[in-house]
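A.B. asks: got a predicted model here, sequence first, then my questions.
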Amino acid sequence: MSVAAGRFVLIVFISIVLALLGAYLLGEWGAYLLGGLALALPLGYSYYNLHRLQVTAAATESEPLPAFGIWGEVFTQRQRMLTEMRDRIYAIEQQHDRFIQGFQASPNGVIMLDALNQVEWCNSSAERFFGLDFKKDAKQSIAHLVRHPEFVGYLNAADFENPIVIERLGVAANLSVVVQVFPFADDQSLLLAQDITELQRTEAMRRDFVANVSHEIRTPLTVLIGFLETMQSIELAPDQQQRYLDLMMTQSRRMKNLVEDLLTLAKLEANSKVAALTPFNVVAEMGALRSDAEALSKGKHHIEFSVDSTHLLMGEQRELQSAFSNLISNAIRYTPEGGAITVKWSVDASGHGEFAVTDTGPGIDSAHLARLTERFYRVDGSRSRDTGGTGLGLAIVKHIATRHHAQLQITSTLGKGSTFRLRFAPERLSLSSV
Ligand code: ADP
């Protein structure tokens, strides 16, 4: 027998006992009165509690209702169910929020589409890629919002086996995005989009680089082969033969320089670490730099070296030597005969070290300055090649500067000359060798 049925039997039993007691004490009316009261009180109490239950039925938040007996249990049970339900809803909401936060944190675009390809939800990356505003665009057809012919074609074809690349997206129409739709559940789908703009840019740079290297190597090779064919096919006078051999030597050196610079650049690019803090004595190095500069100039320039500081530079000796001699060799190669070149090592009041090379050469138009450190960028291609330039020198200097927390600063006036400065942060300077 259930508890409720047991209690019902108990109430009936008590009513009968009270009715008999009433009859015994007060006669017939006493039996009606006590028996009726014994039935009416629990009935009234039940009605009262039913009313309380009805009033609070819709409320998910409520105080536990105090009651006796079976009603007390009903209300306690109800309260427990409400609390459990609230906890479960809270946990689901938390999980939902975490999913949303996860999708929002993704750099990839995520769009949920319904059966009619209408936007159910999208993250902020998707808003940025496709120019959407979820608050306004919810429940709108994605094909109407993104009026990109290839995108619309992909959706209409409904063949989502492979992704599709869509270019010229975004507010500035400068984004390339790879898009794929993944159907799920019965008729919903998830559209994922990944920004590949940077990837395409580096891929294009890699292609340009390979094309440039091939071009740079092919030119001297073609010249070399031409001379060799000539020497094979005709008998040359000794002086002519010597002239051809000299020209072949020049082209061979050019190729060697190019390969060496390429290897240096590859090594620098492969090494993403900052340069070690090994003491490098710039003052002592100045002597060797001066001898190299004079050998390259062959007395055609007025060259001056000055040292304003005995600070040591903390870094990779070979790299620093290479950066300094690149700047000096550029100054000599681009400055016409009779020009002046000044090389100076100093430390300023803010504690920054500065290696500066100033020349009275042709100067550089400001339009070129920002691109000078790009690989193979030349202002004057023939002057660069004629003087043995590879077009990689400043790219190498820039890499070395970055690895040493230094900045390469270039100031130049057309027709007057240029100054190339390597400015080192105070942490890279030291007054003692230990
Ligand atoms: P390159 O081997 O051609 O000299 P760099 O990377 O060293 O390559 O220099 C890039 C370009 O910057 C040069 O081709 C040249 O046009 C210009 N340049 C570099 N240094 C100077 C300078 N001191 N005076 C004028 N132009 C310069």
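C.D. replies: Structure received.

A.B. asks: going forward, measure contacts and count neighbours with C-alpha atoms only.
C.D. replies: Will do.

A.B. asks: so who does W345 touch?
C.D. replies: V282, V283, S306, V307, D308, S309, G353, E354, F355, A356 (C-alpha atoms under 8 Å, 6 or more residues apart in numbering).

A.B. asks: let me know the helix or strand that it is in.
C.D. replies: Here W345 sits within strand 340-347, counting by DSSP states H and E.

A.B. asks: return the subset of the contacts of W345 lying in helices.
C.D. replies: Among the contacts of W345, the ones falling in helices (DSSP state H) are V282, V283.

A.B. asks: with adjacent residues omitted, what lies nearest to the closest residue to the ligand within the stretch 151-300 of the chain?
C.D. replies: Closest residue of the stretch 151-300 of the chain to the ligand, C-alpha to the nearest ligand atom: L258 (9.0 Å). Leaving aside its chain neighbours, L258 sits nearest to T390 (5.6 Å; criterion: C-alpha to C-alpha, 6 or more residues apart in numbering).

A.B. asks: I figured that neighbour hits Y377, correct?
C.D. replies: No. Using C-alpha atoms under 8 Å, T390 makes no contact with Y377, being 9.6 Å away.

A.B. asks: more neighbours: the two, which one.
C.D. replies: Comparing T390 with Y377 by neighbour count (other C-alpha atoms under 10 Å), the higher total belongs to T390, at 25 against 17.

A.B. asks: V274 in helix, strand or coil?
C.D. replies: coil (DSSP: H, G, I helix; E, B strand; the rest coil).

A.B. asks: report the contact partners of it.
C.D. replies: Contacts of V274 by C-alpha under 8 Å, 6+ apart are T402, R403, H404, H405.

A.B. asks: and the second one, how far from V397?
C.D. replies: Between R403 and V397 the distance, using C-alpha to C-alpha, to the nearest Å, works out to 10 Å.

A.B. asks: so between those two, which is more surrounded?
C.D. replies: Taking other C-alpha under 10 Å, R403 and V397 do not tie; V397 has more neighbours (24 against 19).

A.B. asks: show me what contacts the more buried one?
C.D. replies: For V397, the contacting residues are S322, A323, N326, L327, L408, by C-alpha under 8 Å, 6+ apart.

A.B. asks: likewise for D380?
C.D. replies: Going by C-alpha under 8 Å, 6+ apart, D380 touches no other residue.

A.B. asks: which parts of stretch 220-236 are buried?
C.D. replies: Across stretch 220-236, burial judged by 16 or more other C-alpha atoms under 10 Å covers P220, L221, L224, F227.

A.B. asks: so which of those residues sit within helices?
C.D. replies: Using DSSP H, the buried residues of stretch 220-236 in helices are P220, L221, L224, F227.

A.B. asks: name the nearest residue to V171, ignoring sequence neighbours.
C.D. replies: Using C-alpha to C-alpha, 6+ apart, the closest residue to V171 is G131 (6.2 Å).

A.B. asks: verify the stated contact: that neighbour with G170.
C.D. replies: Yes. Counting by C-alpha under 8 Å, G131 does reach G170; the two are 5.7 Å apart.

A.B. asks: can you spell out which helices and strands pack onto the helix or strand harbouring K136?
C.D. replies: Here K136 sits within helix 134-137, counting by DSSP H and E. Using 3 or more C-alpha pairs under 8 Å, 6 or more residues apart in numbering; DSSP states H and E, the elements in contact with helix 134-137 are strand 119-122.

A.B. asks: buried ones in the helix or strand following the strand it packs on?
C.D. replies: Once the chain leaves strand 119-122, the next helix or strand it forms, by DSSP H and E, is helix 124-130. Neighbour-count burial for helix 124-130, counted by 16+ other C-alpha under 10 Å, picks out S124, S125, A126, E127, F129, F130.

A.B. asks: CSV for the residues you listed, including distance to the ligand?
C.D. replies: Shown next, in CSV, are the buried residues of helix 124-130 (distance: C-alpha to the nearest ligand atom, whole Å):
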residue, distance to the ligand
S124, 41
S125, 39
A126, 41
E127, 41
F129, 37
F130, 40
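
A.B. asks: residue numbers of the protein in contact with the ligand?
C.D. replies: Within reach of the ligand by C-alpha under 6 Å from any ligand atom, the chain has these residues: 330-331, 334, 361-364, 372-373, 377-380, 384, 389-395, 418.

A.B. asks: those residues in strands, which ones?
C.D. replies: Within the residues of the chain next to the ligand, residues falling in strands by DSSP state E are S418.

A.B. asks: tell me the buried residues within the residues of the chain next to the ligand.
C.D. replies: Buried, going by 16+ other C-alpha under 10 Å: 330-331, 334, 361-364, 372-373, 377-379, 384, 389-395, 418, out of the residues of the chain next to the ligand.

A.B. asks: tally up the residues packed near the nearest residue to F130 once chain neighbours are set aside, please.
C.D. replies: Take F130 and drop its neighbours on the chain: the residue closest to it by C-alpha to C-alpha, 6+ apart is G170, 5.7 Å away. G170: 17 surrounding residues under other C-alpha under 10 Å.

A.B. asks: what does G170 show for phi and psi?
C.D. replies: As for G170, its main-chain torsions (degrees, to the nearest 10) stand at phi 90, psi 170.

A.B. asks: and it, how close does it get to S176?
C.D. replies: From G170 to S176 the distance is 9 Å (C-alpha to C-alpha).

A.B. asks: name the SS class of the residue at minimal distance from the centre of the chain, please.
C.D. replies: The residue lying closest to the centre of the chain (C-alpha atoms, centre = their mean) is P107, at 8.4 Å. Recorded secondary structure, P107: coil (three-state DSSP).

A.B. asks: try I303
C.D. replies: I303 - assigned by three-state DSSP - is strand.
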